[in-house]
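1. sequence plus the predicted model coming up.
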Amino acid sequence: KQWYQRRVAITAGEEDQLRIISMEKGGDVLGVFKRLVKGIEAVGTSVKEESGKEFMLDEKYGYVHSCPTNLGTGMRASVHIDLPGWTAHGVDKLKARCEELSLQPRGTRGESGGQTGHTYDISNKHRLGYSEVKLVQTMIDGVNTLYKEDLELQKK
C-alpha cells in the first residue's frame, strides 16, 4: 500500500505516447497537482536535454497528442469516492447528474473495467478549452456537490 500513498508514475508508448500521473491517498488535491506539475517539468527538462526538443504545444488547441480525446490539456483530474446514496438512487441518474456538473463517472477499474460496489472514479469531463486549474476546480466542486447530495439520498 505504501506505493499508493504518494506517487508519480510515467508510462510511455501507449495511446497517449506519454502519460504522467500523480496520485495520493486522501484529499490533498493541491499537493497532488503540485507534484504533477513538478513531474511534467522534470520530464520536459529531461526530454529537452536528451533530444533538444520540447513538448508540442499549440496556443489554441493545447498539447498535441496521438489520442484526439485528450487534445487540449490532456489532463484528467479524478477522485475515488463512495456514493452509496447515488448507487441506490440509480447509476443512470448519477451519470445524468455528472453530465450536468461537467463530470464523468466510471468504475474504479478504469474506462472499460465496469462498476463494482458504490465506489466511483469521478473526473472532469472536458479537456479542451479550459485551463488545468479550471478543470481541477470543476472536479472538486462537482465531487463536493455529489457528496452532499449523496448524504441526502442516503436519508431517503
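-> Sure, I can see it.

2. residue ranges in this structure under the pLDDT threshold?
-> Where the chain drops to pLDDT under 70, the residues are 1-6, 14-16, 64-72, 109-115.

3. can you map out the helices along it?
-> 2-5, 29-51, 84-89, 91-100, 132-155 (DSSP state H).

4. just say which of those helices is most tucked in.
-> helix 84-89 (a mean of 18; mean count of other CB atoms under 10 Å). Any C-beta I mention is one placed from the backbone N, CA and C, and that applies to glycine too.

5. what is that one packed up against?
-> helix 91-100, helix 132-155 (3 or more CB pairs under 8 Å, 6 or more residues apart in numbering; DSSP states H and E).

6. could those helices be laid out in a markdown table, adding distance to residue 61?
-> Converted to a markdown table, the helices and strands packed on helix 84-89 look like this (distance: least, CB to CB, whole Å):
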| stretch | distance to residue 61 |
| --- | --- |
| helix 91-100 | 24 |
| helix 132-155 | 15 |
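
7. for residue 54, which of these is the nearest?
-> Evaluated over the helices and strands packed on helix 84-89, closeness to residue 54 peaks at helix 132-155, with 17.7 Å, by CB to CB.

8. next one: the closest one to chain centre, how far?
-> For helix 132-155, the separation from the chain centroid amounts to 14 Å (computed by CA atoms, centre = their mean, to the nearest Å).

9. give me the contacts around that helix.
-> With contact meaning CB atoms under 8 Å, 6 or more residues apart in numbering, helix 132-155 is reached by 29, 33, 73, 75, 77-79, 81, 83-86, 88-89, 94, 97-98, 101-103, 122-124, 126-127, 130.
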